[in-house]
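Student: sequence first, then the predicted structure:
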Amino acid sequence: MISAQDKILHVANKLGLTSLKDMQASTGAVYDVDSELAGTIFSQAARHQNPGITNVTENQFEVNEALLVENISFYVLDGSGNARNFQNIYGSNKVIVFDLVIGNKRVMKDTPVFAAGSPYTFANSGSTTRLVGEATVQSMVPRNQIFMEGAGILIPPQVQWYVQYTIYNVVTGAIVAPTDATKIGCYLFGTKVNLNFNTSI
């Protein structure tokens, strides 16, 4: 089995980035929201530099920066700017079908995301109470309800990427349009490499 580090180094070698071996890897995530309701995420990140909406200023990494995407997850940003559970907003009959485009290639095409649940990484800091029988139970409130694990796709340095998505009603087959109160956001989460200043300076 190829490790995350091996995948990153293999792509770096193909691109001629010899300094990547001197870098350190850590957990990293990028997120953005389709504020324009255009069906694309990350492509307009520079237009809304706001930590409540995005943590990237452009949809490409710097020279010695890369992200090995391991989890892809979607959530809803409501009209008040709160991250909400996708199925609570859209209902259980809806599914997101998305493409991940890196450079000019669709590395994931027409990929449906059905899986329910959420890694704790994407949970809100608060918790909610619910009644189970006669007992009150505390549980985390997930930021997103649909995600895909084990993607294993590397976004290399200096290559633009974005996500195209469509929301479908799986019962009727109809396309569901997001609104200002139901904007779709996306997390790309995995192993990120950055310059190791101990060996670079």
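Tutor: Cool, got the structure.
Student: in what helix or strand does Ile89 lie?
Tutor: If you go by DSSP states H and E, Ile89 is part of helix 86-90.
Student: Tyr165 now?
Tutor: Per DSSP H and E: Tyr165 is located in strand 161-169.
Student: where does this structure dip in pLDDT?
Tutor: By pLDDT under 70, the low-scoring segments of the chain are 1-26, 48, 114-151, 194-201.
Student: what segments of it are helices?
Tutor: 4-15, 86-90, 197-200 (DSSP state H).
Student: against Ala66, how distant is the residue nearest to Ile53 when sequence neighbours are not counted?
Tutor: Of all residues beyond its chain neighbours, the one nearest Ile53 is Val33 (4.8 Å), with distances taken as Cβ to Cβ, 6 or more residues apart in numbering. Bear in mind the C-beta positions are built from the backbone N, C-alpha and C, glycine included. Here the criterion is Cβ to Cβ, to the nearest Å. By it, Val33 lies 23 Å from Ala66.
Student: more neighbours: which of the two?
Tutor: Ala66 (27 against 24; other Cβ atoms under 10 Å).
Student: can I assume the more buried one is in contact with Leu154?
Tutor: Yes: using Cβ atoms under 8 Å, Ala66 is in contact with Leu154, at 6.2 Å.
Student: quick one: the strands in this protein, in order.
Tutor: Using DSSP state E, the strands of the chain run over 24-33, 40-41, 66-77, 83-84, 94-102, 105-113, 123-132, 135-142, 144-155, 161-169, 175-176, 183-194.
Student: can you give the contact residues for the fifth one?
Tutor: Applying Cβ atoms under 8 Å, 6 or more residues apart in numbering, the set of residues contacting strand 94-102 from outside is 69, 72, 74, 86-87, 106-114, 146, 151, 153, 155-156, 159-170, 176, 184, 186.
Student: drop anything exposed from these.
Tutor: Buried members of these, scored by 16 or more other Cβ atoms under 10 Å, are 69, 72, 74, 86-87, 107-108, 111, 113, 146, 151, 153, 155-156, 159, 161-165, 167-168, 176, 184, 186.
Student: thinking again about what came up before, quick check, the residue nearest to Ile53 in contact with Gly185.
Tutor: Yes: using Cβ under 8 Å, Val33 is in contact with Gly185, at 4.0 Å.
Student: anything in contact with each of the two?
Tutor: Joint contacts of Val33 and Gly185 (Cβ under 8 Å, 6+ apart) are Ile41, Ile53, Leu77.
Student: residues contacting the nearest residue to the last one once chain neighbours are set aside?
Tutor: Nearest-residue entry for Leu77: Lys183, 4.5 Å, with adjacent residues in sequence omitted and distances by Cβ to Cβ, 6+ apart. Contacts were defined as Cβ under 8 Å, 6+ apart; by that measure Lys183 touches Val33, Asp34, Ser35, Leu37, Val76, Leu77, Asp78.
Student: since that was my last question, I'll sign off now.
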